[in-house]
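In: Sequence and computational prediction follow.
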Amino acid sequence: MPRFLCSLALLLLLTSSSLPAFAQPKPASTAPANREAEVKRLLDFLTSEYGRLFQKNKDWVNRAVAIISLSRLPTEGATGKIIEQLQSEKHPVGKLVAWQAMLARAPLLSDIQYRAFYVETVRMLKAGLFAGDLRIALLEVFSATPITIETRNYWKELFINTSALDSADIPTLIAMGKALRAWGDPVLYEALIAALQDTGFAVRAELILKAAGAQVPWTLSKESKAVYTKWWQANKKELIAIKPPADGWKKLVPQYVPGPENAAKIDPADKRWYRELELGPLGLKSFDFVFCLDCSRSMGPEIERLKRDLRVIHAAFSTIASEPRIGVTQFAPGNTVQLIPLSGKIQELAQQVASVGIIGPAGEEEWAGAVERTIAENKWIGAGEKNRKVIVIISDEPITPAQHAKLTPIVTQAAKEGFRLYAITIRPAQNLPTDPLLAPYNRAGDDEDDASDPGLMRRRPGALRRRPGPLQGWAAYDEITKLAGGGVIHAQVPQGTFGLGGAAPSDMPGAIAPVYPDGGPNKRLLVRVLTDAINPQYADRVEPLVKVLIAYSQKAAPREPEIRAAFGNGLPASFPDGRRAR
């Protein structure tokens, strides 16, 4: 059916006489029985229309967004359609979206429906679909029922392939501890305690045991095995008696796709239900994306973060667009600008980006020159409904008045040529919890803006001031990006490169990677940019899809073994209260 039932939807919207009877405006005194009948007819109608879409639409993005729309309907019919789509969907991200929709309605599922969901979950596990924070929800599903050989083996595989030195793995390690607690499995408890004698596994083993509820002070040393053996012997009987309740899956909660709406609050005359049927094709053809990266002396950690995330970013773009390309423009003081041109060849691009480092002398960064040369010296795609051109500035300094004056006409013209401009402003995270169990545990990785305290942002004398407003010295980013239809992400980040995997700091052999409450600046950037690129008008349904896509794209992240030179307490003296010393 052309353009997602567009003609039908427009006809429904433009001519009230053509609306189904249950969608006609009703007086406020409509009898409850009549209202319930109208709501039922509305939901049956929408279920039928979305079902037809699944059968005929060849665009997996449209099907995924339709699943998110359908997931709002609190009916048996909607559940049946989602199960059918989960079982038949071939695209991995589309399948994961359907899986998330089933997870979101778990409390509504019958025993038979949940069993069908669980069987498909195991198939998806064997196909290797779960990555990133999707592993958290998967562990929750598995731990809602008694442990099996299959789920125990998956848990062990996660233990071997995760790292307590990688911030991306910390939420999953905590989820593993919660799953262990729910299962009460002695095999895994004892395997963890045995692992405490191996420097490559000891820290993550202790983290999982603590997340499982072990009431033992952090040890992180060669004495850990003896301490936890004593704890296990004292608590074993109580711990192995814990088992998931018979209907434990009824308590599962949504992760990325919201749960169904309350039928009692649905207005059958609300035309938004029909406007959702207007959604046209969503997939992109070309996606050109350039980072304008501040490479001045304080930006070392952000340069390393981009190197780490580059393959994930490319994987996400490649799933949405058929022809994605990425470029990097380095800029620094002294009119220093260096370009890595747009390229779709990730291997070559990664090799070039690997050589990116600190450049230029001290002084005022060249924001304007970077954006101007990025536009002028890259071979950008042409205009087109399915083409996108995006530039992202990443910097830890406020734009100066002189640079702001130069940028304004450049960005104004760029907007006319179809460019979107975004920015990530970086500032140091303050007083992060050293103990990851005291950090915010957000299984969806989408906490509120982590720059809620703009007073902590570093200021530069003479920087552009907002009058009035709290972001003094940084308002130029908001002003400039709005000229080109973008926006700003104000991000706090841990100091240094610790948390990107690799070896433990030499002075902290037992250290644990810091937790990003929001998944980190690049993840937040991807959510914003991809939601806008696909269709910002339908952000409430596109954004859940984008978050699933980003989690799935973590498959492309480089994996480093957990390297620790020796046992030792790698935490500062203030560790018991969970805070680093100022």
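Out: Looks like it came in fine.
In: Run through the bridge partners of residue 428.
Out: On the basis of DSSP bridges, residue 428 is bridged to residue 493.
In: That one touches residue 302, doesn't it?
Out: No. Contact criterion Cβ atoms under 8 Å: residue 428 and residue 302 do not qualify, at 11.3 Å. For every residue, glycine as well, the C-beta is placed using N, CA and C.
In: ok, residue 332 to residue 352 distance?
Out: Per Cβ to Cβ, to the nearest Å, residue 332 is found 17 Å from residue 352.
In: quick one: common contacting residues for residue 428 and residue 302?
Out: residue 493 (Cβ atoms under 8 Å, 6 or more residues apart in numbering).
In: between those two, who's got more neighbours?
Out: Just comparing residue 428 and residue 302: by other Cβ atoms under 10 Å the higher neighbour count belongs to residue 302, 22 against 16.
In: I figured the more buried one hits residue 396, correct?
Out: Yes. At 7.1 Å, residue 302 counts as touching residue 396 under the criterion of Cβ under 8 Å.
In: Compare residue 332 and residue 352 and say which is more crowded by neighbours.
Out: Each of residue 332 and residue 352 has its neighbours counted (other Cβ under 10 Å); residue 332 has more, 24 against 15.
In: Could you check the pLDDT of that one?
Out: If you check residue 332, the pLDDT there is 94.
In: Can you pull the poorly scored residue ranges out of the stretch 101-250 of the chain?
Out: Counting by pLDDT under 70, the stretch 101-250 of the chain contains no low-confidence range.
In: let's see 90
Out: 199-200, 219-223, 246 (pLDDT under 90).
In: Show me the helices in it, by range?
Out: Secondary structure of the stretch 101-250 of the chain by DSSP state H, counting those that start in this stretch: the helices cover 111-126, 134-143, 149-161, 170-183, 186-195, 202-211, 224-240.
In: can I get these in TSV with mean neighbour count?
Out: Listed next are the helices of the stretch 101-250 of the chain as TSV, based on neighbours: other Cβ atoms under 10 Å:
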stretch	mean neighbour count
helix 111-126	16
helix 134-143	24
helix 149-161	15
helix 170-183	23
helix 186-195	18
helix 202-211	25
helix 224-240	15
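In: JSON lines for those helices, including distance to residue 385?
Out: Output for these, formatted as JSON lines (distance: least, Cβ to Cβ, whole Å):
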{"stretch": "helix 111-126", "distance to residue 385": "33"}
{"stretch": "helix 134-143", "distance to residue 385": "31"}
{"stretch": "helix 149-161", "distance to residue 385": "41"}
{"stretch": "helix 170-183", "distance to residue 385": "38"}
{"stretch": "helix 186-195", "distance to residue 385": "52"}
{"stretch": "helix 202-211", "distance to residue 385": "47"}
{"stretch": "helix 224-240", "distance to residue 385": "58"}
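In: Nearest approach to residue 271 belongs to which of these?
Out: helix 111-126 (31.2 Å; Cβ to Cβ).
In: That closest one packs against which elements?
Out: helix 76-88, helix 92-104, helix 134-143, helix 149-161 (3 or more Cβ pairs under 8 Å, 6 or more residues apart in numbering; DSSP states H and E).
In: quick one: that helix to helix 76-88, angle?
Out: Taking axes from the mean of the first three to the mean of the last three Cα atoms, to 10 degrees, one finds helix 111-126 and helix 76-88 inclined to each other by 30 degrees.
In: Alpha carbons only: can I get helix 111-126 in PDB?
Out: Output of helix 111-126 as PDB, limited to C-alpha atoms (Å, rounded to 0.1, in the frame of the first residue of the first chain):
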ATOM      1  CA  ASP A 111       1.300 -17.900  30.000                       C
ATOM      2  CA  ILE A 112       1.100 -19.000  26.300                       C
ATOM      3  CA  GLN A 113       2.000 -15.600  25.000                       C
ATOM      4  CA  TYR A 114       5.000 -15.200  27.400                       C
ATOM      5  CA  ARG A 115       6.200 -18.700  26.400                       C
ATOM      6  CA  ALA A 116       6.100 -17.600  22.700                       C
ATOM      7  CA  PHE A 117       8.100 -14.500  23.700                       C
ATOM      8  CA  TYR A 118      10.600 -16.500  25.700                       C
ATOM      9  CA  VAL A 119      11.200 -19.000  22.900                       C
ATOM     10  CA  GLU A 120      11.800 -16.200  20.400                       C
ATOM     11  CA  THR A 121      14.100 -14.600  22.900                       C
ATOM     12  CA  VAL A 122      16.300 -17.700  23.000                       C
ATOM     13  CA  ARG A 123      16.400 -17.800  19.200                       C
ATOM     14  CA  MET A 124      17.500 -14.100  19.100                       C
ATOM     15  CA  LEU A 125      20.200 -14.800  21.700                       C
ATOM     16  CA  LYS A 126      21.600 -17.600  19.500                       C
END
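In: Pull the residues that contact that helix.
Out: By Cβ under 8 Å, 6+ apart, helix 111-126 touches 79, 83, 86-87, 95-96, 99, 102-103, 106, 109, 130, 138, 141-142, 145, 150, 154, 249.
In: which residues of the stretch 251-400 of the chain fall in helices?
Out: 272-275, 300-320, 346-354, 367-377.
In: Regarding the protein, what is its longest helix?
Out: Longest helix in the chain, counting residues (DSSP state H): helix 32-56.
In: pLDDT (mean, whole number) over that helix?
Out: Mean predicted confidence for helix 32-56 is 80.
In: Check which residues of whichever helix or strand comes after that helix are buried.
Out: Proceeding N to C from helix 32-56, the next assigned helix or strand is helix 60-70, under DSSP states H and E. In terms of neighbour count (16 or more other Cβ atoms under 10 Å), helix 60-70 has its buried residues at 60, 61, 62, 63, 64, 65, 66, 67, 68, 69, 70.
In: Tell me what angle helix 60-70 forms with helix 76-88.
Out: Angle between the axes of helix 60-70 and helix 76-88 is 150 degrees (criterion: the same axes, to 10 degrees).
In: Turn the helices of the stretch 251-400 of the chain into CSV, columns for mean pLDDT and distance to residue 530.
Out: Formatted as CSV, the helices of the stretch 251-400 of the chain follow (pLDDT from 0 to 100; distance: least, Cβ to Cβ, whole Å):
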stretch, mean pLDDT, distance to residue 530
helix 272-275, 74, 22
helix 300-320, 93, 6
helix 346-354, 95, 17
helix 367-377, 97, 20
